[in-house]
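*Asks:* the sequence and its predicted three-dimensional model are supplied below.
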There are 2 protein chains.
Amino acid sequence: MNAESSPLKVAGREDRKAVEEHLEFAPKFDGDGLIPAVTTDAASGEVLMVAYMNAEAIAKSLEIGEAVYYSRSRQTLWHKGDTSGHTLKIVEMRTDCDQDCLWLKVTPQGPGCCHTGHRSCFYRRLPTAAEFGALTGESALPLVQTEASRAFDPAAVYGK
Amino acid sequence: MNAESSPLKVAGREDRKAVEEHLEFAPKFDGDGLIPAVTTDAASGEVLMVAYMNAEAIAKSLEIGEAVYYSRSRQTLWHKGDTSGHTLKIVEMRTDCDQDCLWLKVTPQGPGCCHTGHRSCFYRRLPTAAEFGALTGESALPLVQTEASRAFDPAAVYGK
């Protein structure tokens, strides 16, 4: 998949200054034609998930105003919410300075974003600097749960 | 660079359920030993930048409580703010369900995060669905500036 095979018209990336300063979309796709997309809750600022898009997924997201990713495991377009009903309504899509990453601010149309049933995929934190300093280093770095309970029952929603 | 050569002790990734549910850090590094790290402003929720970390950068970030990335272009540890003084104080570090991504909530110790002088690297937005629908598709997708002016003068800060 590359930009040429989709309805998405993009600018060239030869001129680094232009990529950073011009008001033309010139995304950097990796060897698999993908670009990472950070998705945050437009209201809370919480990072909900990080997934990947190809040119077709970007065009489709722009067209329907809902997050459409590319599933690397299933190797297909992935309209988030197709199975669960938990679509992500796009408030704004941004790109960064060197245009190798996207940021989607969304309004979730459901209780959660993660296949585990959590609101956000980021439901565990690493130790703080103080906690890290007190570790003996003998076992794997411990994580701490940040969401007390699941936002929905994945078995009921995904039927597995 | 891999986890074994650093002071970071991590768990194995053989058991997918354990990676998702256990309270042990089991990061997925790519072929170059890197994992993407989304960095947001802890106060505003704004995505400031997306960079990469290796095991050593993670350990260093945990140790000093400031964001330390791995620079892919310079192929070296990159303590953000070393040149500019604009360090990023870590409020919280999280990992996601399959532990292939990190999220850092930070308090920036300076006016901006981006080498272009902007507060965030994400200073341009893509068209909305309505704007996209009105495009003729004859030229590259237009971007819209979201930050009216730079937060600092990169020439003065970086000396170039």
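*Replies:* Everything's here; your move.
*Asks:* and the residue nearest the centre of chain A?
*Replies:* With distances taken as C-alpha atoms, centre = their mean, the residue of chain A nearest its centroid is A:Val50 (2.9 Å).
*Asks:* run through the residues that contact the closest residue to it other than its chain neighbours.
*Replies:* Spatial nearest neighbour of A:Val50, chain neighbours left out: B:Cys101 (4.6 Å); criterion: C-beta to C-beta, 6 or more residues apart in numbering or on different chains. Placement of C-beta: from N, CA and C, glycine included. The contact partners of B:Cys101, by C-beta atoms under 8 Å, 6 or more residues apart in numbering or on different chains, come to A:50, A:121, B:35-38, B:95.
*Asks:* partner strands of the helix or strand hosting A:Trp103 and their direction?
*Replies:* Under the criterion of DSSP states H and E, A:Trp103 resides in strand A:102-108. Applying DSSP bridges, strand A:102-108 is found paired with strand A:35-41 (parallel), strand A:88-95 (antiparallel).
*Asks:* pLDDT (mean, whole number) over it?
*Replies:* The average pLDDT within strand A:102-108 is 98.
*Asks:* what residues sit buried inside that strand?
*Replies:* A:102-106, A:108 (16 or more other C-beta atoms under 10 Å in any protein chain shown).
*Asks:* tell me where chain A has helices.
*Replies:* A:16-21, A:55-64, A:129-133, A:154-158 (DSSP state H).
*Asks:* okay, the ones you listed in CSV with mean neighbour count, mean pLDDT and distance to A:Gly81 next?
*Replies:* Compiled in CSV, these are given as follows (neighbours: other C-beta atoms under 10 Å in any protein chain shown; pLDDT from 0 to 100; distance: least, C-beta to C-beta, whole Å):
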stretch, mean neighbour count, mean pLDDT, distance to A:Gly81
helix A:16-21, 14, 96, 32
helix A:55-64, 22, 96, 11
helix A:129-133, 14, 92, 36
helix A:154-158, 13, 87, 10
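*Asks:* any chance of those in CSV with distance to B:Ala57 as columns?
*Replies:* As requested, the helices of chain A are exported to CSV (distance: least, C-beta to C-beta, whole Å):
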stretch, distance to B:Ala57
helix A:16-21, 24
helix A:55-64, 29
helix A:129-133, 14
helix A:154-158, 33
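*Asks:* turn the ones you listed into a markdown table, including distance to chain B.
*Replies:* Listed next are those as a markdown table, based on distance: least, C-beta to the nearest C-beta, whole Å:
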| stretch | distance to chain B |
| --- | --- |
| helix A:16-21 | 6 |
| helix A:55-64 | 4 |
| helix A:129-133 | 4 |
| helix A:154-158 | 11 |
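*Asks:* pretty sure A:Asp98 is touching A:Lys28, no?
*Replies:* Yes. With contact defined as C-beta atoms under 8 Å, A:Asp98 and A:Lys28 form a contacting pair (6.8 Å).
*Asks:* now the residue in chain A that chain B sits nearest to. Nearest residue, chain neighbours left out?
*Replies:* The minimum distance from chain A to chain B, using C-beta to the nearest C-beta, falls at A:Gly45 (1.5 Å). Excluding the flanking residues, the one nearest A:Gly45 by C-beta to C-beta, 6+ apart is B:Gly45, at 1.5 Å.
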